[in-house]
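> Sequence plus the predicted model coming up.
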Amino acid sequence: MKPLENNSQDAEKLAAAKAAVQFVKNNDIVGLGTGSTATLAIQELAKLVNGGLKIQASASSVKTEELAISLGIPILKLETLGSIDISIDGADEFTESLNLIKGGGGALFREKIIASLSKNSIIITDSSKKVKMLGAFNVPVEVIPLALQFVLNQIEKLDGKTLLRKTNGRTFISDNGNYIVDVDFGLLENPAQLAFSLNQIDGILAHGLFIGLTSKVIMADGDEILVFK
Ligand SMILES: O=C(CO)[C@H](O)[C@H](O)COP(=O)(O)O
């Protein structure tokens, strides 16, 4: 049996997911996030689709695409889309100024493309994800393999402590065939400045700082739903 703490965190994730799918309308193109919270939203959305809601969706990871297809949600290729009506995704950390750290699941690049294309980018979380300052969660950085050593050197010049992501002892490879480097920059005084600096480094495909990309965060806290926008 799961510990009680996890049960209440799962209940908050589900409550936020249920609140978010209410914003999806008929004929919307919907961006689907990745991770345990986004999965709950996809399952809730599938119930609405099976009840007659007409949408098309695009997925931020192979895993999400497979899930959506298995639940009967019609999928469009991301490269065909010039805009997305609404997206629903999770986050690893957020602040009230709607800046985020994402990429715990390694899907940050496609998640960022979806958020950037979205007219209404909704983030859903449990109450553990709200922070005063970003940075307790390491910033995931997706790195094109041949640039790895160069990128590590450049990040170290920004005072970041780097860790190449591994799962079960094997180097993690993203859906795009790249490495993820998790970087400890400490608490971030100026996340926008850091995002700008990371954007200047050749070999970084994307980083997990989502600055100014979010329309609202729906966070469940116990029985309460809080909306930050
Ligand atoms: O950015 C992500 C995946 O790349 C996820 O949205 C983030 O890691 C949160 O995941 P979870 O909902 O499982 O806590």
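Looks like it came in fine.
> A helix includes residue 110, no?
Yes. Counting by DSSP: H, G, I helix; E, B strand; the rest coil, residue 110 is found in a helix.
> Please enumerate the helices of this protein.
4-21, 36-50, 62-70, 108-117, 148-157, 191-199 (DSSP state H).
> by how many degrees do the second one and helix 62-70 diverge?
The one in question is helix 36-50. 20 degrees (axes from the mean of the first three to the mean of the last three C-alpha atoms, to 10 degrees).
> need the longest strand for the protein.
What stands out as the longest strand in the chain, according to DSSP state E, is strand 118-126.
> by contact count, what packs against that strand?
Secondary-structure packing of strand 118-126 (3 or more C-beta pairs under 8 Å, 6 or more residues apart in numbering; DSSP states H and E): helix 4-21, helix 36-50, strand 84-89, strand 216-221. Backbone N, C-alpha and C define where each C-beta goes, glycine included.
> mind listing what the nearest residue in space to residue 163 that is not next to it in sequence touches?
In this structure, residue 163 finds its nearest non-sequential neighbour in residue 182, 4.9 Å apart by C-beta to C-beta, 6 or more residues apart in numbering. Contacts for residue 182 were tallied using C-beta atoms under 8 Å, 6 or more residues apart in numbering; they are 138-141, 162-163, 165.
> One more pass at 10 Å, please.
103-104, 106, 137-141, 160-165, 172, 208 (C-beta atoms under 10 Å, 6 or more residues apart in numbering).
> so where is the protein shaky, pLDDT-wise?
Across the chain, the ranges flagged by pLDDT under 70 are 1-5.
> Those residues of it touching the ligand, which are they?
Residues of the chain found near the ligand (C-beta under 6 Å from any ligand atom) are 33-38, 89-92, 102-108, 111.
> Of these, just the buried ones, PyMOL syntax please.
Buried residues among the residues of the chain next to the ligand (16 or more other C-beta atoms under 10 Å), as a PyMOL selection:
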select buried, resi 33+34+35+37+38+89+90+91+92+102+103+104+105+106+107+108+111
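> Could you tell me which of the contacts of residue 182 count as buried?
Buried among the contacts of residue 182 by 16+ other C-beta under 10 Å: 103-104, 106, 137-141, 160, 162, 165, 172, 208.
> pretty sure residue 26 contacts residue 86?
No. The pair residue 26 / residue 86 is not scored as a contact, 11.9 Å apart, by C-beta atoms under 10 Å.
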